[in-house]
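Q: Model the structure of this input:
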Amino acid sequence: MGLFDFFSKQKKETLDKGLEKTKESMFSKLSRIVAGKSKVDDDVLDELEEVLITSDVGVNTTLKIIERIEKRVAKDKYVDEKELKNILREEIADLLTENNAVDNEDFSVSENVKPYVIMVVGVNGVGKTTTIGKLANQFKKAGKSVYLGAADTFRAAAVEQLVIWGERVGVPVIKQAMGSDPASVAFDTLSSAKSNNADVVIIDTAGRLHNKVGLMNELSKIKKVMDKIVPGAPHEVLLVLDGSTGQNAFEQATQFTAATDVTALAITKLDGTAKGGVVIGISDQFRIPVKYIGLGEGIDDLQVFRRREFVDSLFGE
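A: Numbering: from 1, shown residues only. Model prediction:
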């Protein structure tokens, strides 16, 4: 086995393990609703609908999937558990394809801009700062020079945590005193990164949702300041969501997409939950690509989201 094959196998095992609880929950329920049935009737579809909703796929996405399955089994209603799983798998994969969920190959950024600036948003507690640290690690492993900006200046713990990650990964962290203007931190970070010819800049921001207008104004100000230093920055606005919160993640996505132009998603903590269906629902409802998924506490447990691998792992293939 070559080195590449070894790491691919390792990543697949991490993905399989991370989705284990979701898979067990979803398919143990699926087995029960098909047991003793000779056809997919309204009762089976009603129960399948409940399975998907309780797996946090979301009501609207679930209804879309059920409608598609209903059309497929309209002619030949006989189906066993394996057949129903295959149909469900295909429809979920097709749904993700239609939603322009592009399979990312690796942790890469555009080579056309330098530095490539990522502004990270999300409420406190979703794993935002940890995701930034893990991203910085992956970019550094890919040979990129990385700068981190601690623009969540309202929480001492957030700044301290980012500094710890910077030391762990071996990348510089730009910070100011507590309560400083976040836009000023972003200005300093981009200025320093630009003067040192850095490849990637990742800016942490405050995770508060108490006032949507205040959040919108703050993020807009940070973006305007960054654009003055690096035209076009930020090149990516990454929203971090906690997959274990299920429907609450949908609400957070609604709030943040209303406050700023989110361009990509990272869904964390999928390893400790049976709510992995949230990845499918959020991708479908918001039409924003899921770029990364978090599958554990380890520094390498953040993976790029690959649609086919995700669906295959979810269905045990």
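
Q: after the helix or strand of the chain with the lowest mean pLDDT comes which helix or strand?
A: Within the chain, no helix or strand scores below helix 3-18, which has a mean of 67 by mean pLDDT, DSSP states H and E. Along the chain past helix 3-18, the next helix or strand (assigned with DSSP states H and E) turns out to be helix 20-34.

Q: what about that next one, distance to the chain center?
A: Here helix 20-34 is found 23 Å from its chain centre; the criterion is CA atoms, centre = their mean, to the nearest Å.

Q: can you tell me the average pLDDT over the helix or strand that it is followed by?
A: If you walk from helix 20-34 toward the C-terminus, the next helix or strand you reach (DSSP H and E) is helix 42-54. Throughout helix 42-54, pLDDT has a mean value of 87.

Q: again with stretch 194-213
A: The average pLDDT for stretch 194-213 rounds to 85.

Q: Please give me every residue in contact with the residue nearest to Thr14 when sequence neighbours are not counted.
A: Nearest non-adjacent residue to Thr14, counting by CB to CB, 6 or more residues apart in numbering: Leu295, 5.3 Å away. (C-beta placed from N, C-alpha, C; glycine too.) By CB atoms under 8 Å, 6 or more residues apart in numbering, the contact list for Leu295 reads Thr14, Leu15, Lys17, Gly18, Leu19, Leu270, Asp271, Asp301, Leu302, Gln303.

Q: could those go into TSV alongside distance to Glu90?
A: Below are the contacts of Leu295 laid out as TSV (distance: CB to CB, whole Å):
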residue	distance to Glu90
Thr14	25
Leu15	19
Lys17	24
Gly18	22
Leu19	18
Leu270	22
Asp271	26
Asp301	29
Leu302	28
Gln303	23
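
Q: which of those has the most neighbours?
A: Leu270 (27 neighbours; other CB atoms under 10 Å).

Q: all strands for the chain, in order.
A: 116-121, 146-150, 173-174, 200-204, 236-242, 264-268, 290-294, 302-304 (DSSP state E).

Q: hang on, isn't Pro172 packed against Gly166?
A: Yes - contact criterion CB atoms under 8 Å: Pro172 and Gly166 qualify, at 6.5 Å.
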